[in-house]
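Trainee: When you get a sec, could you give me coordinates for this:
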Amino acid sequence: MKMLAKKVSLMLCMMIVLVPALVQAESGGRGRYLFRKDCRTCHGKEGHAANLTPQSKTSKEWQDFFENDKHQAKADVWTEIGDKNIDRIKDFLMTNASDVFSAKGQECWDPK
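Mentor: Here you go, the predicted structure:
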């Protein structure tokens, strides 16, 4: 009986630790946070730049944006954010782009 209680306790502890991490990873985690913090200040409804969401572009368009450095008008923003965080934002945008996002929704309706 003690062994069963220990196993249940261990599993509960693992769930407490792992479930929030999985939820954060699925929802975009750090990249989502950084996008909201660093990008939405200008690219949100109250900002002075065009309103952007991850679904504003396809994954290819986001890829092109990051490869061609289209944010040249405010290059200092990239420096402030830093390469590691830019990569996190890019990952968030790419995995939630309009073509990927709609494909995820399609899976809900078309079970395999």
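Trainee: Setting the sequence-adjacent residues aside, check what's closest to residue 31.
Mentor: residue 92 (2.9 Å; CB to CB, 6 or more residues apart in numbering). From N, CA and C alone the C-beta is placed, and that goes for glycine too.
Trainee: how about that neighbour, what does it touch?
Mentor: Neighbour list for residue 92: 28-29, 31-32, 34-35, 54 [criterion: CB atoms under 8 Å, 6 or more residues apart in numbering].
Trainee: In the helix or strand in which it is found, which residues are buried?
Mentor: Following DSSP states H and E, one finds residue 92 within helix 83-95. For helix 83-95, burial by neighbour count (16 or more other CB atoms under 10 Å) applies to 85-86, 88-95.
Trainee: same question, stretch 30-39
Mentor: 31-35, 38-39.
Trainee: before we move on, what about stretch 72-82?
Mentor: residue 81.
Trainee: Quick check: mean pLDDT of that stretch?
Mentor: Stretch 72-82 shows a mean pLDDT of 83.
Trainee: What segments of this structure are strands?
Mentor: Taking DSSP state E, the chain contains no strands at all.
Trainee: By mean pLDDT, flag the weakest helix or strand of the protein.
Mentor: When the helices and strands of the chain are scored by mean pLDDT, DSSP states H and E, helix 2-27 comes last with a mean of 60.
Trainee: Of the buried residues of stretch 30-39, just say which sits nearest to residue 73.
Mentor: Minimum distance to residue 73 across those is 13.8 Å, recorded for residue 39 (CB to CB).
Trainee: ends of stretch 33-48, how far apart?
Mentor: 20 Å (CA to CA, to the nearest Å).
Trainee: And the contacts of residue 92, which two are furthest apart?
Mentor: 29 and 54 (13.3 Å).
Trainee: Would you quantify the distance from the closest residue to residue 44 other than its chain neighbours to residue 45?
Mentor: Once flanking residues are discounted, residue 44 sits nearest to residue 51: 6.4 Å by CB to CB, 6+ apart. With distances taken as CB to CB, to the nearest Å, residue 51 is found 6 Å from residue 45.
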